[in-house]
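In: The sequence and its predicted three-dimensional model are supplied below.
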Amino acid sequence: MLLTRIKGPRDLDRLSQEELDQLAAEIRSFLVDAVSKTGGHLGPNLGVVELTIALHRVFESPKDKVLFDTGHQAYVHKLLTGRQDFGNLRSKGGLSGYPSRAESDHDVIENSHASTVLGWADGLAKANEVLGREDHHVAAVIGDGALTGGMAWEALNNIAAAKDRPLVIVVNDNERSYGPTIGGLANHLATLRTTDGYERFLARGKEILERTPVVGKPLFETLHGAKKGLKDFIAPQGMFEDLGLKYIGPIDGHDIEALESALQRAKRFSGPVIVHCLTQKGRGYEPAVQDEADRFHAVGVIHPDTGLPVSTDAASWTSVFADEMVKLGRERKDIVAITAAMLQPVGLKKFADAFPDRIYDVGIAEQHGATSAAGLATGGAHPVFAVYATFLNRAFDQVLMDVALHRCGVTFVLDRAGVTGTDGASHNGMWDMSIMQVVPGLRLAAPRDAEQLRAQLREAVEVKDAPTVVRYSKGVVGPAVPAVGRIGGMDVLRTPAAEVTRPDVLLVSVGALAPMCLEIADLLDKQGITSTVVDPRWVKPVDEALAPLADRHRVVVTVEDNGRTGGVGSAVSQALRDAGVDVPLRDFGIPQRFLDHASRKEVMAEIGLTAPDIARQVTGLVSKLDGRYDSEPAAAVD
């Protein structure tokens, strides 16, 4: 196999065109076989095989910087830079599903949040200029979906201002982000994509000129690089050149020879250039090509021959939300939904099918989505903006200054909250409950099970004068956790087995960690330690009934699937201080560091967020209060 002989990008240089085509076929076979066993981003990588080969033949990575936005299309890049062991892809100790500096000098951007690559490229190109590195180049690959993000256009505005600073921008246009790319930019790219007059004109010219001795090929290169006037006469690509960016394309993104020719011309140019490449997401794998939803954007373990899942999961948090949104839509005509290019992943596809006039896909533009939601609310609708928890970080200013300041009734639904695991540091939803704590008036719910998700979503959309947040985990929703009582707005999940005047521990359980907290209580009971377990349901603001309840216990323990700094534990601590309740408090959560990719269970064990770990430390604390230990037990999680 040719692929096994590729140890680095320069091994591509000696391959013939026929061998390059063979290598592309081998890479696709490898990807289908490997990713079907581990799960991962299959469709995007099948679409960039030839493009990645051409990039590494034209540019000299790692001296030249080849950047990917987003990193889920970098599997082929990994294969061509010496990383061909995909056996533990996205698993602990295996390759990351995104570029990783720890893996290779060829990787630059680890953050897999979209629309950032052009800002990175602008900075790297400026560094080359300042340091006089004229033989260094920057090539930034950005999907057409990522071009819907405002950051991309902020960067383009700056890039275009420097007419003589070399920078190659490769637009990987497959008409999709997850699903089909939407909006004005998508329409413009579609115009370029379907206006074939320019390419037919050049193809005919190439055929004639290549038969012309000596001057034919140079003349064709000049023609292909012609100025805007000729190109506008044949194809309307003027938007990019009106910005001051030279435009080359559209190029067949599966023709290695054509790609190399375009990239070489772009590399030689003395200013910023856009190379517009047309690719097919899922290319070469029929189940992916036939999948209209997202062309196998991301898959679990599948049968490689059929593309069908090996196993069917039970109901997920996302599916529970999806069904309840449709019910709400039927009951209330003012309910509308917003997604940032993730209709299917966040569970809004059913709502879109039922109410096509009440769904808004804003593209990869969370900031715009939040502000648009404020406008919708002001106009009398109640928008529900469903987004991954980690991506709400990008819209914090809009949540604060557009939604909260104006007291707009907007509900943010955060999928993949807490530890998500296999997608690594940038996808763990561990920041939201800390960030949102500082927003005045905002209410934040953390449902513990499917029933509570349905109930709290309904409670959230009833709020008309403030933002609300409902956050839940990734994956399968657990069994129902019934309440045995209610104190204030809090559900009591467990009381001491025997009546005691002052129980030892008040366990404050946040969201999906309720089963873990009940397990902790069982473990404490075996040590003779009595406990009460409560679920606040709404963790912001802190329930007024919590302080007097805490005062009736010897120790308060909070357990949350969020960063410890500024999280629910911190808010509870402040509420107890404000109420003059002086009891020891221990907060357990995620340490404030970037977590390596692994399964959720492995990550939770590594950071000590398990029932045995927490029970052991709480036992030590209670023993100290009893005077059985003379020294402080080990720190909670950090």
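Out: Yep, it's here. Residues are numbered from 1 along each chain as shown.

In: Can you tell me the SS state at residue 561?
Out: Reduced to three states with DSSP: H, G, I helix; E, B strand; the rest coil, the structure at residue 561 is strand.

In: Which of the residues in the helix or strand encompassing residue 29 are classified as buried?
Out: For residue 29, the host element (DSSP states H and E) is helix 17-38. Of all the residues in helix 17-38, those buried under the rule 16 or more other CB atoms under 10 Å are 20-21, 23-24, 26-28, 30-32, 34-36, 38. All C-beta atoms are positioned from the backbone trio N, CA, C, and that covers glycine.

In: out of those, which one sits closest to residue 579?
Out: Lowest distance from residue 579 to these (CB to CB) belongs to residue 38, with 50.0 Å.

In: nearest residue to the closest one other than its sequence neighbours?
Out: Nearest residue to residue 38, sequence neighbours excluded (CB to CB, 6 or more residues apart in numbering): residue 89, at 4.4 Å.

In: mind pulling up the phi and psi values for the closest residue to residue 536 other than its chain neighbours?
Out: Leaving aside its sequence neighbours, residue 536 sits nearest to residue 490 (CB to CB, 6+ apart; 5.0 Å). Dihedral angles of residue 490 (phi, psi; degrees, to the nearest 10) stand at phi -100, psi 140.

In: continuing past the helix or strand containing residue 533, what's the next helix or strand?
Out: Taking DSSP H and E as the definition, residue 533 sits inside strand 531-535. Using DSSP H and E, the next helix or strand after strand 531-535 towards the C-terminus is strand 538-540.

In: for residue 445, what are its contacts?
Out: Neighbouring residues of residue 445 by CB atoms under 8 Å, 6 or more residues apart in numbering: 456, 459, 460, 468, 469, 470, 471, 537, 538, 539.

In: could you check the distance from it over to residue 453?
Out: Distance, residue 445 to residue 453, using CB to CB, to the nearest Å: 9 Å.

In: same deal with residue 351?
Out: Note on residue 351: its distance to residue 453, by CB to CB, is 15 Å.

In: So these two - more neighbours on which side?
Out: Comparing residue 351 with residue 453 by neighbour count (other CB atoms under 10 Å), the higher total belongs to residue 351, at 27 against 24.

In: Local confidence estimate at the more buried one?
Out: pLDDT for residue 351: 98.

In: Go ahead and list the helix or strand containing it.
Out: Here residue 351 sits within helix 349-354, counting by DSSP H and E.

In: what packs against that helix?
Out: Using 3 or more CB pairs under 8 Å, 6 or more residues apart in numbering; DSSP states H and E, the elements in contact with helix 349-354 are helix 317-331.

In: What average pLDDT does the next helix-or-strand element following the helix it packs on get?
Out: The helix or strand immediately downstream of helix 317-331 is strand 335-339, counting by DSSP H and E. For strand 335-339, mean pLDDT is 97.

In: Mind listing residues that contact strand 335-339?
Out: The contact list for strand 335-339, computed with CB under 8 Å, 6+ apart, reads 325, 328-329, 346, 348, 351-352, 355, 358-362, 369, 372-373, 376, 381-387, 461.

In: again, only this time at 7 Å
Out: 325, 328-329, 346, 348, 351, 358-362, 369, 372-373, 376, 381-386, 461 (CB atoms under 7 Å, 6 or more residues apart in numbering).

In: give the contact list for the closest residue to residue 484 other than its chain neighbours.
Out: Among residues not flanking residue 484 along the chain, residue 492 sits closest, at 5.5 Å (CB to CB, 6+ apart). With contacts defined as CB under 7 Å, 6+ apart, the neighbours of residue 492 are 483, 484, 485, 486, 532, 534.

In: before we move on, back to that, quick one: average confidence on the strand holding residue 533?
Out: 97.

In: Output that strand as CSV, nothing but the C-alphas.
Out: Taking C-alpha atoms only, strand 531-535 is exported to CSV below (Å, rounded to 0.1, in the frame of the first residue of the first chain):
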residue,chain,number,x,y,z
SER,A,531,-27.4,12.8,54.9
THR,A,532,-30.1,14.7,53.1
VAL,A,533,-29.9,14.9,49.3
VAL,A,534,-31.6,17.8,47.5
ASP,A,535,-31.9,18.8,43.9
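
In: quick revisit: tell me the contacts of the residue nearest to residue 536?
Out: Contact analysis of residue 490 by CB under 7 Å, 6+ apart lists 534, 535, 536, 537, 543, 545, 546.

In: give me the beta-bridge partners of it?
Out: Listed by DSSP bridges, the beta-bridge partners for residue 490 are residue 487.

In: separation between it and residue 345?
Out: Distance from residue 490 to residue 345, counting by CB to CB: 32 Å.

In: now do residue 307
Out: 18 Å.

In: do residue 1 as well
Out: As judged by CB to CB, residue 1 and residue 345 stand 34 Å apart.

In: ok, those two, which is more surrounded?
Out: Just comparing residue 1 and residue 345: by other CB under 10 Å the higher neighbour count belongs to residue 345, 21 against 10.

In: So residue 470: helix, strand or coil?
Out: At residue 470, secondary structure determined by three-state DSSP is strand.
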